[in-house]
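Visitor: A structural model of the following input is requested.
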Amino acid sequence: MTLELVLAAVWGLLLGAVVNVAVARLAWTRVGASPWWTAPASLPRRSFWTRVPVLGWFVLRGEASHWGTAFWVRPLLLELGTAAGVAGLYWLEVVDRALLPATVKLVPPPNLATIVHVQFLAHSLLLALMLAAAVIDLDELIIPDSITIPGTLAGLAMGATWPWMHLPILDEAGEFTWLAIAAPQPWPAALDAPGGQTLALGLACVWIWCLGLLPRPWRLRRGWGVALRLLYARMLRSALTPWILALGGVVSAAVVGGWAIGGETWRGLLTSLVGLFGGGLIVWVVRVVGTAALGREAMGFGDVTLLGMIGAFLGWQTCVLVFFLAPFMGILLGVLQYVARRETVMPYGPFLCLAAAGAIAGWRGLWEWAESIFALGWIVPAALTACMGTMGGLLLLYRALSEWAVRKRP
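Guide: Below is the predicted model:
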């Protein structure tokens, strides 16, 4: 077991090193302090040892005169923290099996060791993706598509090839299974019926996601006709459009292949697709309602793609829980950010990432509490819709009171 934990920590070190490379390369303002870049001409040539996780940052301390005194501290701590976090996740999921329902620990299925290792690999990859997105969001208030798009594709691929990477639950009969679309209700028979309805559902999720990735200016000041013409012209002329269409075509072909295979492959893939759609939809609606009520952008679109990526790994039900847990995570981060930087504008992406990590770590207890809620079926989306409407009304009231206070101010 000690050897397994050491290997998990090494895996975490590698993930941490990749996160540091992603932060350096994918941020809007790139930095040159990565050990994988060529050193500036004014500095000595970097050796092989600079590329060794953790050790390399101690070697790079000699470049402090160029990059700043403590430039190496955060990436060093990030790699050490990722190693410790991934090793802790391995202990939690594989050794202690704390995510599994209690009855499964008593009478485990024969392939349980494989299941928990697959879940660990999926969750460790998701944690690394979220860490990279959160660090960049904290620095620049932006979440790059170059993180969420590959992450979403990885979630869809793992959902199709290893459906047991989804979070573990018990079904209505008390049998061990994974968090599918209708959980805790059984898999809908309509989704297994012959015909193209389920394929149409999967493809709709793909193309709605692709539409969200395209530039979409929306200006209603001159009417709907002008707004639609501007939207069409911008999409047609954007250099991103051919790439997004090609991406949609490739993913659609893979979805058709998964549908043709059927069985657990299609169930796992469709669960990830609906998780992608559901996670993105939650933040998208909040963004639209909040922006309309406040008269300014309420949330960035990067938060939409981020929760969509999380949904591809964890399912739409978890995204609902994550969204309502995130504000509680934000209290701690917000206070720390204000104390450290005196900033009041806070990115929401790190809160979503912390809430998702917390949902994974405390999954058994969280699902025991939430299972009865999701068992209500269609009442859940109806309640969410009502919550969104209530939120819009409260934000309108807040805006009106704020404008009234400004007018009354001497």
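Visitor: now the helix or strand harbouring residue 65: average pLDDT?
Guide: Per DSSP states H and E: residue 65 is located in helix 64-67. For helix 64-67, mean pLDDT rounds to 81.
Visitor: after the helix or strand bottoming out on mean pLDDT in the chain, next one along is what?
Guide: Ranked by mean pLDDT, DSSP states H and E, the weakest helix or strand in the chain is helix 224-237, scoring a mean of 67. Next helix or strand after helix 224-237 toward the C-terminus (DSSP H and E): helix 240-261.
Visitor: next helix or strand past that following helix?
Guide: Following helix 240-261 in sequence order, the next helix or strand is helix 263-294 (DSSP H and E).
Visitor: list the contacts of stretch 101-112.
Guide: Residues from elsewhere that reach stretch 101-112 (Cβ atoms under 8 Å, 6 or more residues apart in numbering): 97, 100, 115, 168-170, 174, 176, 364. Where you see a C-beta, it was placed from the backbone N, CA and C, and this is true even at glycine.
Visitor: ok, now stretch 186-199?
Guide: With contact meaning Cβ under 8 Å, 6+ apart, stretch 186-199 is reached by 171-172, 180-182, 201, 255-256, 259, 266-267, 270.
Visitor: and the buried ones among those, selectable in PyMOL?
Guide: A single PyMOL command selects the buried members of the contacts of stretch 186-199 (16 or more other Cβ atoms under 10 Å):
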select buried, resi 180+181+201+255+259+266+267+270
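Visitor: flag the least confident of the contacts of stretch 186-199.
Guide: Where pLDDT dips furthest among these: residue 172, at 79.
Visitor: now for it: which residues touch it?
Guide: Contacts of residue 172 by Cβ under 8 Å, 6+ apart are 184-186.
Visitor: top of the residues you listed by neighbour count?
Guide: residue 184 (20 neighbours; other Cβ atoms under 10 Å).
Visitor: per-residue pLDDT, that residue?
Guide: Looking at residue 184, its pLDDT is 88.
Visitor: tell me the helix or strand right after the helix holding residue 65.
Guide: helix 73-90.
Visitor: can you pull the buried residues of that following helix?
Guide: Neighbour counts over helix 73-90 (16+ other Cβ under 10 Å) mark 75-76, 78-80, 82-83, 85-87, 89-90 as buried.
Visitor: what comes into contact with that helix?
Guide: So helix 73-90 is in contact with 4-5, 8-13, 15-17, 19-20, 23, 33, 53-54, 57-58, 120, 123-124, 127-128, 131, 135, 360-361, going by Cβ under 8 Å, 6+ apart.
Visitor: which stretches of the stretch 1-150 of the chain have low pLDDT?
Guide: 31-32, 106-107 (pLDDT under 70).
Visitor: ditto for the stretch 201-350 of the chain
Guide: Within the stretch 201-350 of the chain, the stretches with pLDDT under 70 are 216-229, 231-232, 234, 293-298, 332-345.
Visitor: quick one, phi/psi of the closest residue to residue 66 other than its chain neighbours?
Guide: Closest residue to residue 66 apart from its sequence neighbours, by Cβ to Cβ, 6 or more residues apart in numbering: residue 43 at 5.8 Å. The phi/psi pair for residue 43 (degrees, to the nearest 10) reads phi -110, psi 160.
Visitor: what is the burial count for residue 43?
Guide: Neighbour tally, residue 43, other Cβ under 10 Å: 15.
Visitor: shouldn't it be in contact with residue 67?
Guide: No. Residue 43 lies out of contact with residue 67 (Cβ atoms under 8 Å); the separation is 9.3 Å.
Visitor: element containing residue 205?
Guide: Residue 205 belongs to helix 197-213, assigned by DSSP H and E.
Visitor: mind listing what's buried in that helix?
Guide: Buried residues in helix 197-213 (16+ other Cβ under 10 Å): 198-199, 201-203, 205-206, 208-210, 212-213.
Visitor: quick one, it and helix 263-294 angle?
Guide: Relative orientation of helix 197-213 versus helix 263-294 (axes from the mean of the first three to the mean of the last three Cα atoms, to 10 degrees): 40 degrees.
Visitor: helix or strand: which one has residue 169?
Guide: Assigned by DSSP H and E, residue 169 belongs to strand 168-170.
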